[in-house]
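Engineer: requesting a structural model of the entry that follows:
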Amino acid sequence: MSTNKSLISVALCTYNGDRFLWEQLESLARQTQLPDELVVCDDNSSDHTIELVKKFAQTAPFKVTVFVNEQQLGVTKNFEKALTKCEGDILFLCDQDDIWEPEKIARMALFLEQNPSLSVVFSDAVLVNERAEPLPTTFWQIVRLHSPQLEQWKKGESIKVMLVGNRVAGCTMALRKTFLQSLVPFPNDIPEFLHDTWIAFVASVLEQIQYIPERLVQYRQHGAQQVGTRPKNLTPLSLKQRLARPHQLKLLPYQQRQRELLTLYKHLQRVIPQGHSNLKIVEEKIHFLTVRANLPGNRVLRLVPVFKEWVKGNYHYFADQDTSKKGIFMTALGDVLE
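Structural biologist: As a prediction, the model looks like this:
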């Protein structure tokens, strides 16, 4: 049992995970600060996952509770169920195929206890292959959470980073049970927008999320995983190809992102106080995407809306921190020419 005043729960979601599950369970039992309970929600596995969990429960140094879904819920809703079944004060999200460093629970629980104004904490992770051998890059390197973004995060400006793209993996995250109560139900109507993105996004809007600059998880990469860091196979277009492609084809990704962010905004209105300054930043990003998604076919007619957004500073404000001034200018120029 945990000797800390905060009760610790680990929410583990499983689905046909018997290949790597035992290593993860063993890493939970090796924690320097043991959890008070492990809550397992299985999404109707057809392999030996449940047998392994029950075997582990026989000798586990903490309480193990198992729920098996009669119908598959999917990753997001399964984690929502697992987290809401937890009884602890601090909740850890756990994937079935990773390995936790022994000090993970102790470090993250202590951080939240020392920072009562924060609701969520996350760390970096070591990427490993199927044999748990370290890969040459870390998770933060893959998602481009570099020094400029970390500085933004430290200053309470994580919403600017999150509006470019999620940088937080659920397996590296811990949150307060009191914060979870305002998050449910998790959105399930935005493609590729999972439970961890929702938690991190809301916490960023409310400025209640910070990081520990340590690698506290061995984040396994393999072909069968439901969520990972596999890069998208995108081939960059040449300038000639960009200028020759139909204008409507260029607009498609902006239109999709605008629809997704608008859907997210409707969910945020449910949990964020009206008029919150960071909610206004989301509103401005929606406006910026709406302008870009509806640029007219005539290049001359694109000049005015692009110039207005440039003067407002939106091309700079919503650019990734890794983008150079030249890159920002080329983005705006591309909106005029393509």
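Engineer: CA atoms of stretch 274-290 as CSV?
Structural biologist: What follows is stretch 274-290 as a C-alpha-only set of coordinates in CSV (Å, rounded to 0.1, in the frame of the first residue of the first chain):
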residue,chain,number,x,y,z
GLN,A,274,-17.3,31.3,-20.8
GLY,A,275,-15.0,34.2,-21.6
HIS,A,276,-11.8,32.4,-20.5
SER,A,277,-8.9,34.0,-22.2
ASN,A,278,-7.5,30.8,-23.5
LEU,A,279,-10.9,29.9,-24.9
LYS,A,280,-10.7,33.1,-26.9
ILE,A,281,-7.4,31.9,-28.3
VAL,A,282,-9.1,28.7,-29.6
GLU,A,283,-11.8,30.9,-31.1
GLU,A,284,-9.2,33.0,-32.9
LYS,A,285,-7.6,29.8,-34.2
ILE,A,286,-10.9,28.6,-35.5
HIS,A,287,-11.4,32.0,-37.3
PHE,A,288,-7.9,31.7,-38.8
LEU,A,289,-8.5,28.2,-40.1
THR,A,290,-11.9,29.3,-41.4
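Engineer: what pairs with the helix or strand harbouring L91, parallel or antiparallel?
Structural biologist: Secondary-structure assignment from DSSP states H and E places L91 in strand 90-94. Sheet pairing of strand 90-94 (DSSP bridges) gives strand 8-14 (parallel), strand 173-176 (antiparallel).
Engineer: tell me the mean pLDDT over it?
Structural biologist: Here strand 90-94 scores 98 as its mean pLDDT.
Engineer: over to stretch 5-14?
Structural biologist: 95.
Engineer: next one: stretch 153-169
Structural biologist: 93.
Engineer: mind listing what's buried in that stretch?
Structural biologist: Within stretch 153-169, the residues that count as buried by 16 or more other Cβ atoms under 10 Å are 153, 157-164, 166-169. Heads up, the C-betas are built off the backbone N, CA and C, glycines and all.
Engineer: ok, residues contacting that stretch?
Structural biologist: 122, 125, 139-140, 143-145, 149, 152, 196-197, 199-201, 203-205, 207, 209-211, 217, 219, 278, 281-282, 285, 317-318, 320-321 (Cβ atoms under 8 Å, 6 or more residues apart in numbering).
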